[in-house]
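Enquirer: sharing a model prediction with you, sequence too.
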Amino acid sequence: MEYVMLLGSTVLVNNIVLAKFLGLCPLMGVSNKLSSAVGMGIATAFVLTLSAFSGWLIETWVLVPLNIEFLRILCFILIIAAIVQFTELVMRKLSPVLHRSLGIFLPLITTNCAVLGVALLNVREKHDLAQSLVYGLGCAIGFTLVMIIFAGIRERLAIADVPETFAGTPVGLVTAGLLSLVFMGFSGML
Amino acid sequence: MFTATLVLTALGFSLGGLLGYAAKLISVGEENSVSDEIEAMLPGSQCGQCGFPGCRPAAEAIASGEADVTCCPPGGRSLVESLADLLGIDINSIGATAAPMLARIDESLCTGCTRCYKVCPTDAIVGATKQIHAVINRACTGCSKCLDACPEDCISLSPEAVDLNSWHWPKPQLV
Amino acid sequence: MFGFSRIRGGVHPESHKEDSAGKPIVTDLPLPKRLYLPLFQQAGAMALPLVKPGDKVLKGQQLAITGEGLSANLHAPTSGTIIGVEEIIAPHPSGLNSAAIVLESDGEDRWMELPDESDPFQRSPEELASEVERAGIVGLGGAIFPSAIKLRQGRRFEIKTLIINGGECEPYLTTDDQLMRERAAEVVEGARLIQHIIEAYETVIGIEDNKPEAIAAMREAAAPYGKVRVEVVPALYPMGSAKQLIKAITGLEVPAGGRSNDLGVLVHNVATAYAIQQTLRYGKPLISRVLTLAGGSLNEARNVEALFGTPIQHLIDHCGGISSQPARLVMGGPMMGQQLPAATVPVMKGTSGVLALTQKEVNDKTPSNCIRCSRCVQVCPMGLVPLEMAKHAKADNFEEASSYGLRDCILCGSCSYVCPSRIPLVNYFEYAKGEMKQRRVAEHKLAYTQQLTARRSERVEREAEAKRAAKAAKKKRAKAPKAEAASTPEPATTSDTAEKES
């Protein structure tokens, strides 16, 4: 039950994008088309979960025993970069088209603050291994969910009569703000 | 200090090694299949209007992003759109494409030298020695190869004429 | 079936039918001096002319033959001399020119030799279908699809119900109404002939309930025949559309992308039935049709039997003339009709009416933004979502528009009619459909040229191979003893022109 609560709270209430405002860069960058948003969401979710997991391993088995916690960010970035590289390899193998359409945003998952953020938050919240994994997974699902919702909205926005000054990114940001307000409605639910 | 350096170095090396191994394990092999897919979509007439020596190099250039999806005039708008769809490019960001052209032979100048139809990649010109040649519109891609071959300069390219069958309503005027 | 509509959506536009209904069809129109017969009068390909300038032709003589694929024959509407094939302004909203046979009438209106009147029911259906094809009959309801092809298709399927479309839901138009009132016996015989050709089990003549006189006349004419009955359907636009009429009469819905044949139903128009009867009974080809002249700019609205090729100005002049300069000339009804570029254009096979509309009737208003009231969704007879489709069409996102069912749109214009924001929804669909068609054509061409390229490179390869082989043979021969070389036959030379695939 505790894990379900944790999962629910990370997906909806404390959504990594709309409540914690981490990882806004792919949210605005890759949400023009639903298909690429789904691809990006899944890729990020994979990296997020895996890095949350391995972040905990490094933290507990290497950094804490050797008393070098000050290297935490450096080590995490190193792991994340490796995982992202791995993801890119897999994606190029499985879906070259998606790989091309995501372009620069795929390697940029490395600098997605949501990924590092989750790994760091895990440490701060003093989660154990299972909790870290659930937390990472929840954030990943939350991220993918928001990407899909937002891409769906933007696909419709693209054909709407938006005043010229608002067209494109401005109205996207306004929409993201409204979406964030919507997710605020989940607070207090759990 | 020493431990920190050692840990980071070890971490870096082990991750690098793992990645290298993984890259070998799931190597992509023959470049990627995108260019194959693109090549299948191109007209295949090797006309060279795109600035590449043929359709295969053009497909590779398009796949790697060196060439624009609009680089193939004979393919027309439909090709541009299917390419954009394949590569995930926003169609609205692509400008207008040139209208497809058709070759036309000026009958009063044609001497029936047969040079043009020997170069036509789609066999769209019919004729025989000392007979006036004619273009089959249905097969002509407007590749302009015949233009260079004609010694009389009697072939010209013009956009396809609109007739009652090909005419369609324009977009309604915006508010 | 009575009293309530079972079709989806629909609108009730002001009918204006009373202007021309009930007045007898004008048949004694003076002959125009020149007749203009466009070669593009049918769905599909252009007809190919059979006559040359200076030819004397008799009324009913064939002038042009079916072109490649889908097409129809064309016959002389009156006797006279062929002037030639000229480019005239086509009766088409594009205002483009189209090739037309120009016929100068000699005023005698002399028929060619017609076969003796015979009982067509004694002849085989195949024979009758060929006869219909020869007569150049196309669907006169507006689709201008060659009727013979439809009849033959009908023969390939088991047709349970033949529906004769007397819906005529377009405002102003009363041609079918008047035809049924005045020539009910002929229409019923035409219906029975179609039934005979396609071997349908029964014939249903569907008539909207706003035409009581036509219903009465048709009931009387159909009474002796057990397999023919008249079904009254509610007056609702677009009841005259085949899919809607099928739904109202049989309760069956034509599936998306499917055809009525699959349901065992075939629909022919009342006017087509009449034309088929005239051909099969009297041997007369299709050379004239009844059409409605109406609109606020005319002094009088009438139904006229006009020869094809008659300039519209001629019709208007001899039917009361105009009271005010029309703001717009429309061919067909006000809902689905097409704007005409000029009054000089001729009557064609598909001209069911000519409307001279006043500014008030045209009622052009500048469109404003969509307010998402969804009235277009409520009235769409095909159950589509016009507002979404139009949005995607506006953004040139045709794939998406198709996913909302653009292909099933029948362009009836109900959505544009009810739109409170005056958005020209149906124009967006026409645009999108046209663009999609253009793309399909381009894709076909691309596939075709790819195939040609492949064949050519194969051929070039083969020729090069043959040349190499010839060279090798020559070399061999040169090395071999001279006596032997003299006896070997000349190797086959390859022609560089080679075979061409046209």
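Expert: That came through fine. Numbering: from 1, shown residues only, chains lettered A, B, ... in the order given.

Enquirer: which non-adjacent residue is nearest residue A:7?
Expert: residue A:138 (4.5 Å; CB to CB, 6 or more residues apart in numbering or on different chains). All C-beta atoms are positioned from the backbone trio N, CA, C, and that covers glycine.

Enquirer: what's the average pLDDT for the helix or strand harbouring that neighbour?
Expert: Assigned by DSSP states H and E, residue A:138 falls within helix A:129-158. The pLDDT scores in helix A:129-158 average 91.

Enquirer: residue A:52: what's it in contact with?
Expert: Contact analysis of residue A:52 by CB atoms under 8 Å, 6 or more residues apart in numbering or on different chains lists A:118, A:119, A:122, A:132, A:133, A:135, A:136, A:137, A:139.

Enquirer: looking at this, it is in a helix?
Expert: Yes - if the criterion is DSSP: H, G, I helix; E, B strand; the rest coil, then residue A:52 is within a helix.

Enquirer: ok, now how distant is it from residue A:131?
Expert: When distances are taken as CB to CB, to the nearest Å, residue A:52 and residue A:131 turn out to be 10 Å apart.

Enquirer: return every residue with contacts to both of these two.
Expert: By the contact definition CB under 8 Å, 6+ apart, residue A:52 and residue A:131 are jointly contacted by residue A:122.

Enquirer: out of the contacts of residue A:52, which is nearest to chain C?
Expert: residue A:139 (31.9 Å; CB to the nearest CB).

Enquirer: how many residues are close by residue B:64?
Expert: Per other CB atoms under 10 Å in any protein chain shown, the neighbour tally for residue B:64 reads 13.

Enquirer: by proximity to chain B, which residue of chain A wins?
Expert: Closest point on chain A to chain B, by CB to the nearest CB, is residue A:101, at 2.7 Å.

Enquirer: what helix or strand is that residue located in?
Expert: helix A:96-102.

Enquirer: show me what the helix or strand that that helix is followed by is packed up against.
Expert: Remark: after helix A:96-102, the chain's next helix or strand is helix A:113-124, criterion DSSP H and E. Helix A:113-124 sits against helix A:34-58, helix A:72-94, helix A:129-158, with contacts defined as 3 or more CB pairs under 8 Å, 6 or more residues apart in numbering or on different chains; DSSP states H and E.

Enquirer: including distance to residue B:81, could these go into a markdown table?
Expert: Putting these into a markdown table (distance: least, CB to CB, whole Å) gives the following:
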| stretch | distance to residue B:81 |
| --- | --- |
| helix A:34-58 | 16 |
| helix A:72-94 | 25 |
| helix A:129-158 | 16 |
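
Enquirer: ok so, going back, taking the contacts of residue A:52 together, which two end up most distant?
Expert: A:119 and A:137 (13.2 Å; CB to CB).

Enquirer: same drill for those two, tell me which one is more crowded.
Expert: Neighbours per residue (other CB under 10 Å) separate residue A:119 from residue A:137, with residue A:119 holding more: 28 against 21.

Enquirer: just the buried residues of stretch C:390-400, please?
Expert: Across stretch C:390-400, burial judged by 16 or more other CB atoms under 10 Å in any protein chain shown covers C:390, C:391, C:392, C:393, C:394, C:396, C:397, C:398, C:400.

Enquirer: and the angle from the helix or strand hosting the first one to helix A:129-158?
Expert: Which is residue C:390. Using DSSP H and E, residue C:390 maps to helix C:386-394. Taking axes from the mean of the first three to the mean of the last three CA atoms, to 10 degrees, one finds that helix C:386-394 is oriented at 80 degrees with respect to helix A:129-158.

Enquirer: now do the residue nearest the centre of chain B against residue C:42, distance only.
Expert: For chain B, residue B:72 is the residue whose C-alpha lies nearest the centre (CA atoms, centre = their mean; 3.3 Å). Using CB to CB, residue B:72 is found at 36 Å from residue C:42.

Enquirer: so what's residue A:22 closest to, chain neighbours aside?
Expert: Leaving aside its sequence neighbours, residue A:22 sits nearest to residue A:114 (CB to CB, 6+ apart; 4.1 Å).

Enquirer: typo on my end, residue B:150
Expert: Here the residue nearest residue B:150, using CB to CB, 6+ apart, is residue B:116, at 5.3 Å.

Enquirer: can you tell me the helix or strand for the one you found?
Expert: Using DSSP H and E, residue B:116 sits within helix B:115-119.

Enquirer: so what touches that helix?
Expert: Residues outside helix B:115-119 that contact it (CB under 8 Å, 6+ apart): B:105, B:123, B:125-127, B:133, B:145-146, B:148-151, B:155, C:496-497, C:500.

Enquirer: among those, which one lies nearest to chain A?
Expert: The shortest approach to chain A among the contacts of helix B:115-119 belongs to residue B:145, at 31.4 Å (CB to the nearest CB).

Enquirer: tell me how many other residues surround the residue lying closest to that closest one once chain neighbours are set aside.
Expert: Once flanking residues are discounted, residue B:145 sits nearest to residue B:119: 4.7 Å by CB to CB, 6+ apart. Residue B:119 is flanked by 15 other residues according to other CB under 10 Å.

Enquirer: how far away is residue B:119 from residue B:144?
Expert: In terms of CB to CB, residue B:119 sits 10 Å off from residue B:144.

Enquirer: cool, residue C:87 as well?
Expert: Separation of residue C:87 from residue B:144 (CB to CB): 29 Å.

Enquirer: compare the two (neighbour count), which wins?
Expert: residue B:144 (18 against 10).

Enquirer: contacts only, for that one.
Expert: B:47, B:49, B:101, B:103, B:157.

Enquirer: redo that, cut-off 6 Å
Expert: When contacts are counted by CB atoms under 6 Å, 6 or more residues apart in numbering or on different chains, residue B:144 is found next to residue B:157.

Enquirer: how about the residue nearest to the centre of chain B, nearest residue that isn't a chain neighbour?
Expert: residue B:50 (5.5 Å).

Enquirer: swap in residue A:37?
Expert: Excluding its sequence neighbours, the residue lying closest to residue A:37 (CB to CB, 6+ apart) is residue A:151, at 3.4 Å.

Enquirer: need the contact partners of stretch A:110-130.
Expert: With CB under 6 Å, 6+ apart as the criterion, stretch A:110-130 contacts A:16, A:22-23, A:47-48, A:51-52, A:55-56, A:59, A:76, A:80-81, A:84, A:132, A:135-136, A:139.

Enquirer: would you mark the buried spots in the host helix or strand of residue A:183?
Expert: Applying DSSP H and E as the criterion places residue A:183 in helix A:169-184. The neighbour-count check on helix A:169-184 (16+ other CB under 10 Å) flags A:171, A:172, A:176, A:179, A:183 as buried.

Enquirer: angle of it against helix A:129-158?
Expert: Using the same axes, to 10 degrees: helix A:169-184 against helix A:129-158 is 130 degrees.

Enquirer: how near is the residue of chain B found nearest chain C to chain A?
Expert: Closest to chain C within chain B is residue B:168: 2.3 Å, counting by CB to the nearest CB. Separation of residue B:168 from chain A (CB to the nearest CB, to the nearest Å) stands at 21 Å.

Enquirer: didn't that residue look like it was pressed against residue C:434?
Expert: Yes - applying CB atoms under 6 Å, one finds residue B:168 in contact with residue C:434, separated by 2.3 Å.

Enquirer: packing partners for the top helix by length along chain C?
Expert: The longest helix of chain C (DSSP state H) is helix C:425-479. Where contact means 3 or more CB pairs under 6 Å, 6 or more residues apart in numbering or on different chains; DSSP states H and E, helix C:425-479 is packed against helix B:76-87, helix C:386-394, helix C:398-403, helix C:414-418.

Enquirer: can you map out the helices along the stretch 101-250 of chain C?
Expert: For the stretch 101-250 of chain C, helices defined by DSSP state H, counting those that start in this stretch occupy the ranges C:125-134, C:147-156, C:175-182, C:184-198, C:212-222, C:242-250.

Enquirer: quick one: residues in contact with the fourth one.
Expert: Contacts to helix C:184-198, defined as CB under 6 Å, 6+ apart, come from residues C:120-121, C:125, C:128-129, C:151, C:154-155, C:159, C:162, C:164, C:180, C:203, C:217-218, C:221-222, C:268, C:270, C:273-274, C:276-277, C:280.
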